[in-house]
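In: would you be able to build a 3D model of this:
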Amino acid sequence: MPDDSLDYLVIGAGPAGLQLGHFLSRAGRAHLILEAGPGPGMFFRTFPRHRKLISINKKYTGWDDPELNLRMDWNSLLSDDPELLFTRYSDRYFPDAEDMVRYLSDFAAECKLPVVYNARVVHINRTGGGRGPFQVTDEHGRTYEARRLIVAT
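Out: Numbering: from 1, shown residues only. This is a model prediction of the structure:
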């Protein structure tokens, strides 16, 4: 059912969609994240095929500065919660893809992000001759409406 009170619809609950959702929540923006699969980070449930991430997880940098440490952490999403760092999920330099799936699930839950799962988008329309809100329909026929649409797939 259309909900014209939404400022943003975000398609995709991978790292980009969840990070954006976190910042939209912090900014007080009404938003909803639509995810095709049953949980966040569906890409990482299949890829990479060899099940090792190629993004480094440099847990031990030799520095105490959190800002500097974050520059060496290629997997963490940004938040104010130090418990939500990816380095707490794996000690491996090249972590397992399953660690990323678990991390993204925890990030979405801890940040209380508004995600609708099993909502594969099949149609996007813009009303008002291209000037009105976006209407997004999922494979179940549910329709969502928002002033802005972000594709984070």
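
In: who's in contact with the lowest-mean-pLDDT helix or strand in the chain?
Out: Lowest by mean pLDDT, DSSP states H and E among the helices and strands of the chain is helix 66-71, with a mean of 88. Applying CB atoms under 8 Å, 6 or more residues apart in numbering, the external contacts of helix 66-71 come out as Thr61, Trp63, Ser76, Leu78, Pro82, Leu85, Thr87. Where C-beta positions appear, they are placed from N, C-alpha and C, glycine not excepted.

In: buried set for it?
Out: Asn69 (16 or more other CB atoms under 10 Å).

In: do the same with stretch 19-33
Out: Across stretch 19-33, burial judged by 16+ other CB under 10 Å covers Gln19, Leu20, Gly21, His22, Leu24, His31, Leu32, Ile33.

In: quick one: which of those is nearest Ala97?
Out: Of all the buried residues of stretch 19-33, Ala97 sits closest to Gln19, with 18.2 Å by CB to CB.

In: quick check, that closest one in contact with Leu77.
Out: Yes - when contacts are counted by CB atoms under 8 Å, Gln19 is listed as touching Leu77 (4.8 Å).

In: which helix runs longest in the chain?
Out: helix 97-110 (DSSP state H).

In: other SSEs contacting that helix?
Out: Other elements packing on helix 97-110 under the criterion 3 or more CB pairs under 8 Å, 6 or more residues apart in numbering; DSSP states H and E are helix 15-26, helix 43-46.

In: out of those helices, the one nearest His140 is which?
Out: Closest to His140 of the helices and strands packed on helix 97-110, according to CB to CB: helix 15-26, at 19.4 Å.
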